[in-house]
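Engineer: I'd like to go over a predicted model; first the sequence, then the structure.
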Protein chains: 2
Amino acid sequence: MAILIDGKLTAAQIKERIKATVEQSVANGGKRPHLAAVLVGNDGASVTYVASKEKACADVGFDSTVIKLKEETSQDELLAVVKRLNENHDIDGIIVQLPLPKHINEQVVIKNIDYHKDVDGFHLANVGKMVLNMPGFLPATPFGILTLLKQYNIETRGKNCVILGRSNIVGRPMANLMSQKGILADCTVTMCNSKTKDIAYFTRNADIIIAAIGVPEFLKGDMVKQGVVVIDVGITRLPDSTKPKGYRIVGDVDFASVEPKASYISPVPGGVGPMTIVSLLENTLKSAQGKKLTWV
Amino acid sequence: MAILIDGKLTAAQIKERIKATVEQSVANGGKRPHLAAVLVGNDGASVTYVASKEKACADVGFDSTVIKLKEETSQDELLAVVKRLNENHDIDGIIVQLPLPKHINEQVVIKNIDYHKDVDGFHLANVGKMVLNMPGFLPATPFGILTLLKQYNIETRGKNCVILGRSNIVGRPMANLMSQKGILADCTVTMCNSKTKDIAYFTRNADIIIAAIGVPEFLKGDMVKQGVVVIDVGITRLPDSTKPKGYRIVGDVDFASVEPKASYISPVPGGVGPMTIVSLLENTLKSAQGKKLTWV
């Protein structure tokens, strides 16, 4: 019987802590952290995500600004908005909600965000810092996973960590982070991908598995060893007529068969998901506090 | 009986190609690529490395400038030199020979090099680009290894690649590169380190092993499977009274026991070593040609 890694509870506790920090800081004459989100177009999921971030800011006492631009906004117009936010000293963090419309080059937009305000951790300067183990902004999901590992005192040193997926927002950062020297790291890391011939070979020998491939219920009980720690980053809606909404949310892990063998497991929903926005808040607070955000 | 991966020959061929490119470019009125090397102090190995780089530049028709500074040069003085080189339009590539004296912060110096001229590929902007699979400068040793894999048509797709070591100049870049999508990549990558409990477990299942831990003759024949491809990045001098110089150069691989089982193996010396300077020349040529070196 595994211990459930409760992201919802952990996220709520961190939000309380951030809120208290902000209140105290403001009481002492400090400024409120201020997150700016740019939303281009009307993609349903993007609208929902931005609204959640706005609400999370309000919950912890941050100021937030949402700039809504039309779908047909040109890249130059978007870059002008980013530049204005870069130059606005009241703004501590800037996020441009992805995906962007196809006529806009996402990498060009991201690299034009002042990396000191890049609270999504997507700017190549922050990616470089993460790889070189220098202080900077970590991307939200990896940051959230590290926070959960810390919260549950999960031993990582010398452990065999298998990462399913190599995306720039989860798999690859996690591989770089878990293989660093230090606490919450020092793992032997294997990064599997869609070309891996026998994923079960790797997962069966894993002490820690981070599943981030977006294949619902991919990891089965017979693919893991007894005592494994499982972090499920997947989130897929599966049609389910027995549910009021007509679907259920599942992760990359077949919870029913994996949970009995695991020592710790993060559920979906309620595991990694709630940590993402909280990590964004943590980055924004860090930016507002001006902590160690120079290049070196 | 393994095929020897001949870095000496490959490097010589690439140098010939670079030389021909430069001659043709100059004949057409182009400028000669120009590499500037900064050497602080009198560390014996550093003096030798810089001299080799200077000679390699001369061999292929590059201009080179070596700036020798005293051991007691302050960080600010060094940064002023770097700034001058950044601003000098004739200089295409800048390297600051490492290690630097202890009173100087290497990361501060590196981040002050214009990353467009960072032909060592150490600047965090170039590290970030490498991780995100964007065009930039690759560090010399990883670049050299990729060149050898290409030269010998070694299939990497879907292969199990085990990397011994997690340094910022070899192990970590190789892990990020071999796990990218594309040719010379698409591997399942495992990065082992000094905390790994049973390295042989990983190496025995590897199709490709890249050894970069600096432990002489660490990888033995009984740690590899038949047909493995072995890239040896180690280079250690072992005392040997039977040799004229009183020492012999060995790698991280016990060549005598591993070679009979390997399909391809890079020897030490004469394998990866000669590729390093050539990769630096390739980066400098690329910089001089102004190829795709914008941020995105």
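Structural biologist: Received, thanks. Residues are numbered from 1 along each chain as shown, chains lettered A, B, ... in the order given.
Engineer: any idea how far A:Asp207 is from A:Gly158?
Structural biologist: To A:Asp207, A:Gly158 is 9 Å away according to Cβ to Cβ, to the nearest Å. (Each C-beta comes from the backbone N, C-alpha and C, glycine too.)
Engineer: Looking at these two, which is more packed in?
Structural biologist: When A:Gly158 and A:Asp207 are compared for neighbours, A:Asp207 comes out ahead with 20 against 14, by other Cβ atoms under 10 Å in any protein chain shown.
Engineer: wait, isn't the more buried one in contact with A:Met178?
Structural biologist: No - in terms of Cβ atoms under 8 Å, A:Asp207 does not count as a neighbour of A:Met178; the distance is 11.0 Å.
Engineer: what is in contact with the two at once?
Structural biologist: Common neighbours of A:Asp207 and A:Met178, using Cβ atoms under 8 Å, 6 or more residues apart in numbering or on different chains, are A:Cys161.
Engineer: secondary structure class for the spatially most central residue of chain A?
Structural biologist: Taking Cα atoms, centre = their mean as the criterion, A:Thr141 is the residue nearest the geometric centre of chain A, at 1.5 Å. Secondary structure state of A:Thr141, per DSSP: H, G, I helix; E, B strand; the rest coil, is helix.
Engineer: Tell me the pLDDT of it.
Structural biologist: pLDDT recorded at A:Thr141 is 96.
Engineer: which ones are touching it?
Structural biologist: Counting by Cβ under 8 Å, 6+ apart, A:Thr141 has contacts A:169-170, A:212, A:233, A:272, A:275-276, A:279.
Engineer: Grab the two from the residues you listed that are most spread out in space.
Structural biologist: Spatial extent of the contacts of A:Thr141 (Cβ to Cβ) is set by the pair A:Ala212 and A:Ser279 at 15.1 Å.
Engineer: Specify the beta-bridge partners of A:Asn160.
Structural biologist: Counting by DSSP bridges, A:Asn160 forms beta bridges with A:Thr188.
Engineer: That one contacts A:Arg204, correct?
Structural biologist: No - counting by Cβ under 8 Å, A:Asn160 stays clear of A:Arg204, with 10.4 Å between them.
Engineer: which parts of stretch A:216-229 are buried?
Structural biologist: A:216-219, A:223-224, A:228-229 (16 or more other Cβ atoms under 10 Å in any protein chain shown).
Engineer: Please disregard the earlier target; I meant stretch A:148-165.
Structural biologist: Buried, per 16+ other Cβ under 10 Å, within stretch A:148-165: A:148-149, A:151-152, A:154, A:156, A:159-165.
Engineer: Also stretch A:31-39?
Structural biologist: Those would be A:32-39, for stretch A:31-39 by 16+ other Cβ under 10 Å.
Engineer: now swap in stretch A:202-214 and tell me
Structural biologist: A:202-203, A:205-214.
Engineer: ok, it near chain B or not?
Structural biologist: Yes - Stretch A:202-214 is in contact with chain B by Cβ under 8 Å from any Cβ of the partner chain, via A:202, A:205.
Engineer: Just the C-alphas of that stretch, formatted as PDB.
Structural biologist: The C-alpha trace of stretch A:202-214 is given here as PDB (Å, rounded to 0.1, in the frame of the first residue of the first chain):
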ATOM      1  CA  PHE A 202      14.200   0.200 -17.700                       C
ATOM      2  CA  THR A 203      11.200   0.800 -15.500                       C
ATOM      3  CA  ARG A 204      11.500  -2.600 -13.800                       C
ATOM      4  CA  ASN A 205      14.900  -1.700 -12.400                       C
ATOM      5  CA  ALA A 206      13.800   1.900 -11.400                       C
ATOM      6  CA  ASP A 207      13.700   3.200  -7.800                       C
ATOM      7  CA  ILE A 208      12.000   6.300  -9.000                       C
ATOM      8  CA  ILE A 209       9.900   6.700 -12.100                       C
ATOM      9  CA  ILE A 210       8.800  10.000 -13.600                       C
ATOM     10  CA  ALA A 211       6.100   9.400 -16.200                       C
ATOM     11  CA  ALA A 212       5.700  12.200 -18.700                       C
ATOM     12  CA  ILE A 213       4.800  10.700 -22.100                       C
ATOM     13  CA  GLY A 214       1.200  11.600 -22.400                       C
END
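Engineer: Quick check: mean pLDDT of it?
Structural biologist: 97.
Engineer: next one: stretch A:246-261
Structural biologist: 97.
Engineer: which residues sit against that stretch?
Structural biologist: Taking Cβ under 8 Å, 6+ apart as the rule, stretch A:246-261 contacts A:1-2, A:164, A:211-222, A:224-228, A:230, A:232-240, A:265, A:267-269, A:271.
Engineer: Quick check: end-to-end length of that stretch?
Structural biologist: 30 Å (Cα to Cα, to the nearest Å).
Engineer: How far away from the center of its chain is it?
Structural biologist: Here stretch A:246-261 is found 20 Å from its chain centre; the criterion is Cα atoms, centre = their mean, to the nearest Å.
Engineer: What segments of the stretch 101-250 of chain A are strands?
Structural biologist: A:160-164, A:188-192, A:208-211, A:229-232, A:236-239, A:247-250 (DSSP state E, counting those that start in this stretch).
Engineer: Please name every helix or strand in contact with the first one.
Structural biologist: If I follow you right, that is strand A:160-164. helix A:171-178, strand A:188-192, helix A:199-203, strand A:208-211 (3 or more Cβ pairs under 8 Å, 6 or more residues apart in numbering or on different chains; DSSP states H and E).
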